[in-house]
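Asks: 3D, please:
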Amino acid sequence: MEDPSSTRSRLLDAAATVFLAHGYAAASMDMVRQAAGVSNGSLYHHFPTKALLADALYAHTLRDFHAALLGPVSGRASAQAGVKGLIRAYIAWVEQHPTRARLLHELRRSGDMTGGAEIGAANTEAFGALAQWVDAKVAAGDMRALPLPVWMALVFSPAISLTPHWASQPQPAVAPRVRAALEHAAWMSVAA
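Replies: The predicted structure is shown next:
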């Protein structure tokens, strides 16, 4: 008997390939099933709809992204080092995983996901850890007190807006001066 987690992984990998090659709207569940080499029963057992498959793929990719992103704010990082480190980690992840970065952007833009519990859980965990770190730095007087969504927009929006360009390159490389400018802008936007 086949390991269900292996089937799920194969389906997620196949969905990523199919969605990127054909676009979410044009991709079919049968294309994913064929790419994964599984039966209809296996596909629909794990993912009854294309939207639920997209949710799971998005959440799976998001968890990997969050794990890479939050490293700089764990431990005793100063406010400035943490904010700049977040941007550095963000850019490094996009450079190392351009197809996954493109997938996150394209799935979010497609608007066809359900926004289900799996995505919510991934975001809640990451945003909770980030909020704790931000709150501690605000309490210490190192950063301005801002609602977390505003803080995140100020820190991440410039890099997020450039991500589709970076991720469209086969091997993205962000110039050191661009990286430094984004890190500096992120820090200056929230510094006390």
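
Asks: list the buried residues in the helix with the most length in the chain.
Replies: As assigned by DSSP state H, the longest helix anywhere in the chain is helix 117-139. By 16 or more other Cβ atoms under 10 Å, the buried positions in helix 117-139 come out as Glu118, Ile119, Ala122, Ala126, Leu130, Trp133, Val134, Lys137, Val138. Where C-beta positions appear, they are placed from N, C-alpha and C, glycine not excepted.

Asks: what do you get for stretch 48-58?
Replies: Within stretch 48-58, the residues scored as buried using 16+ other Cβ under 10 Å are Lys50, Ala51, Leu52, Leu53, Ala54, Asp55, Ala56, Leu57, Tyr58.

Asks: so which of those residues sit within helices?
Replies: Among these, DSSP H puts Lys50, Ala51, Leu52, Leu53, Ala54, Asp55, Ala56, Leu57, Tyr58 in helices.

Asks: can you give me the neighbour number for the residue nearest to Arg100 when sequence neighbours are not counted?
Replies: Among residues not flanking Arg100 along the chain, Thr61 sits closest, at 5.1 Å (Cβ to Cβ, 6 or more residues apart in numbering). Using other Cβ atoms under 10 Å, Thr61 has 20 neighbouring residues.

Asks: residues in contact with the helix or strand where Thr61 lies?
Replies: Assigned by DSSP states H and E, Thr61 falls within helix 50-69. The contact list for helix 50-69 (Cβ atoms under 8 Å, 6 or more residues apart in numbering) reads 8, 11-12, 15-16, 19, 24, 27-29, 32, 46-47, 86, 89-90, 92-93, 97, 100-101, 103-104, 107-108, 110, 112-116, 118-119, 121-123, 125-126.
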